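Novice: Quick one, structure for this:
(one chain, ligands or ions: 1)
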Amino acid sequence: MVYNLINEKWIPVRRANGKKEFIAPWQVTDDIGSNPIVSLDANRPDFNGALIQFLIGLVQTTIAPKKDRNWMTRFTEPPKVDELKTAFEIVSRAFNVDGDRPRFMQDFKPDKWESNEIDKLLVEIPGDKTIKDNTDHFVKRNSIKRMCLACSALALFTLQTNAPSGGQGHRVSLRGGGPLTTIILGDTLWQTIWLNVLNESDFLDKYGNSSLIDDASIFPWMGPTHTSEKDQLTTPEHVHPAHMFWGMPRRIFLDIKSGESGNCDLCNQNSSNLITSYITKNKGTYYGSSWHHTLTPYRHEKSDLISIKGQPGGITFRHWLGFVQNDRKNGNEPAVVVHTFRLQRQPSLENKKTLQLWAFGYDFDNMKVRCWYEGKMPLINVEDNIRENYESAIEQLIRVSELISDNVRKYAKEAMFTRPGDVKGDFSFIDNRFWNNAEPEFYTTLEKLRVAFSDGTDTIVEIKLKWLNTLFRIGEQLFDEYSQSNQIDVADPKRIALAHRNLRKFNQKNNKQIMKILYLPDKPTISKNK
Ligand SMILES: [Zn+2]
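Specialist: Numbers count the residues shown, from 1 in each chain. As a prediction, the model looks like this:
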């Protein structure tokens, strides 16, 4: 029997009552009335990130809503399991993991290529050079020897979707190496999928060549690979828009002959078909930079769109600009689905409730993975009439946080070292603590701002000043902590006192730069009757 990703129960999920189980993709709405499936539940966070994109891609490809009205109907009345099954079966021929070619996410015409052990499908497993240099302390080597078909398929999809630069001619993903993804989270898994699917006409018009409807234009493994021996590009004009969810930059073929039985080293499930190796070749599909993926934020640089990548330091409200609302200063804009949700869909939801935005991605240093980051932010419903002022005030709060965060790091370093300018090393841990500590208060402040703008009350300046106080307080705490820390080169009370004075001198409400960012009046006074 062929292992098929539409028919098999391979997706780990959790139901509302906490029960974990494995489902086929079309079962996402199973028992949605009484015990719905609420989330994915893979044993690796990056696999959850890949699985949700697999499901969104599958639904966008097969049963996207025709118009806004159809979107809303399906949101409130999810399709039945049978309906999903019928819709997904139409493309099931593209989802065989083993058996005759073509196979899911694998090259159409494999040959006598270089063989790799199966663990190299996992992005964190170090390459040969790292192993030779013995610098792979990030990940244990030799711990994953055998993988079941489900894990192999998922690892393959995760790699193709995130592919970092992999050495000479090993191409990066359709969104570049290690793209950042943002997903709107609903109450059930179905809602989470549906919230991130665009209306068919919007999707087909803007993101590729919708006249190309053959299998291989959507699922690249269904035909000969668009190779790139001479760096030939594959652009959205060459394929169907849905291709964006199924990009295949790497030429890989699982070596199923090597199959053996036992427990999978990743999921621990018993399998009679464990895979231990695969073959690969460079110069696969070269996607270039003309793609606009609907689940990723982008930055405008001249006439180019650059996808935002995972970045060091984690994901906090410092990324609000560009993830949730436009960052006008830097030209960053949220993912298309986030825009669509906030401007078109959220206002028509019954209770206009706040949903969460789930942002995640790897932080790659070239081909080496440093970390996996994820974080959540609220998507607050904002009335159109206050949106501009509200968002502009939020931008000010974040800009002033950036300024103060920079200064806290600068003066903490001044306290810690005699010649802070000469000290090498990454001090971003101070920034990270600053943003993390300020985060709860940030969201409280947003809600206060929204209420103030909605009610037309004149408390905006007060709210900004209170936010400033929060930032000053957190800055002081961190300064104290780091200036007393044992990282100090030679403790010098005078130097610490001087640095502290400088920090205080800067952290003032009447500091010109701060006043300018926050549009504070010349003499900030708290209004008596507010
Ligand atoms: Zn497994």
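
Novice: any idea which element the closest residue to A335 other than its chain neighbours lies in?
Specialist: When the adjacent residues along the chain are set aside, A335 lies closest to T182, with 4.9 Å between them (C-beta to C-beta, 6 or more residues apart in numbering). In this view, the C-beta of every residue, glycine as well, is placed from N, C-alpha and C. Secondary structure assignment for T182, by DSSP states H and E: strand 181-185.

Novice: So the residue nearest to F427 when sequence neighbours are not counted versus F472, what's the distance?
Specialist: Nearest non-adjacent residue to F427, counting by C-beta to C-beta, 6+ apart: R409, 5.5 Å away. R409 sits at a distance of 15 Å from F472 (criterion: C-beta to C-beta, to the nearest Å).

Novice: Among the two, which residue is more densely surrounded?
Specialist: Per other C-beta atoms under 10 Å, whichever of R409 and F472 has more neighbours is R409, with 22 against 18.

Novice: residues contacting that one?
Specialist: Contacts of R409 were listed using C-beta atoms under 8 Å, 6 or more residues apart in numbering, and they are F427, S428, I430, D431, F434.

Novice: Among those, which one lies nearest to the ion?
Specialist: Minimum distance to the ion across those is 35.9 Å, recorded for S428 (C-beta to the ion).

Novice: Report whether the expected contact of that closest one with G313 is present.
Specialist: Yes: assessed by C-beta atoms under 8 Å, S428 is found in contact with G313 at 5.5 Å.

Novice: tell me how far the top helix by length along the chain is from the chain's mean position?
Specialist: The longest helix of the chain (DSSP state H) is helix 384-416. Relative to its parent chain, helix 384-416 has a centroid offset of 23 Å by C-alpha atoms, centre = their mean, to the nearest Å.

Novice: In it, which of the residues would be classed as buried?
Specialist: 386, 390-391, 393-401, 403-405, 407-416 (16 or more other C-beta atoms under 10 Å).

Novice: and after it, which helix or strand comes next?
Specialist: Heading C-terminal from helix 384-416 (DSSP H and E), you reach helix 428-455.

Novice: Would you mind pulling up the elements that that next one packs against?
Specialist: helix 384-416, helix 460-483 (3 or more C-beta pairs under 8 Å, 6 or more residues apart in numbering; DSSP states H and E).

Novice: Contact residues of the stretch 401-530 of the chain facing the ion?
Specialist: Taking C-beta under 5 Å from the ion, no part of the stretch 401-530 of the chain reaches the ion.

Novice: how far away is K466 from the ion?
Specialist: In this view, K466 and the ion are 51 Å apart by C-beta to the ion, to the nearest Å.

Novice: right, and that residue touches T445 too?
Specialist: Yes: K466 sits in contact with T445 when judged by C-beta under 8 Å, with a separation of 7.2 Å.

Novice: Among the two, which residue is more densely surrounded?
Specialist: Each of K466 and T445 has its neighbours counted (other C-beta under 10 Å); T445 has more, 20 against 15.

Novice: From W320, how far out is that one?
Specialist: T445 is 12 Å from W320, where distance means C-beta to C-beta.

Novice: Now for the closest residue to K145 other than its chain neighbours, which secondary structure element holds it?
Specialist: Excluding the flanking residues, the one nearest K145 by C-beta to C-beta, 6+ apart is D265, at 5.6 Å. For D265, there is no host helix or strand (DSSP H and E).

Novice: circling back to that earlier point, return a PyMOL selection command for the buried portion of the contacts of R409.
Specialist: In PyMOL, this line selects whichever of the contacts of R409 come out buried by 16+ other C-beta under 10 Å:
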select buried, resi 427+430+431+434
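
Novice: As JSON lines, the contacts of R409 with pLDDT and distance to N502 would be great.
Specialist: Output for these, formatted as JSON lines (pLDDT from 0 to 100; distance: C-beta to C-beta, whole Å):
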{"residue": "F427", "pLDDT": "87", "distance to N502": "16"}
{"residue": "S428", "pLDDT": "88", "distance to N502": "21"}
{"residue": "I430", "pLDDT": "93", "distance to N502": "16"}
{"residue": "D431", "pLDDT": "94", "distance to N502": "18"}
{"residue": "F434", "pLDDT": "97", "distance to N502": "17"}
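
Novice: Wait, A452 touches K464, no?
Specialist: No: applying C-beta under 8 Å, one finds A452 not in contact with K464, separated by 10.4 Å.

Novice: Show me which of these two is the more surrounded one.
Specialist: When A452 is set against K464 and neighbours are counted by other C-beta under 10 Å, the residue ahead is K464, at 23 against 20.

Novice: Contacts only, for the more buried one.
Specialist: A393, Q396, L397, L518, L520.

Novice: what about the first one, distance to T445?
Specialist: Distance, A393 to T445, by C-beta to C-beta: 9 Å.

Novice: Repeat that for the fourth one.
Specialist: Here the criterion is C-beta to C-beta. By it, L518 lies 12 Å from T445.

Novice: shared neighbours of the two, which are they?
Specialist: L397.

Novice: any idea how far stretch 461-477 is from the chain center?
Specialist: For stretch 461-477, the distance to the chain centre is 30 Å (C-alpha atoms, centre = their mean).
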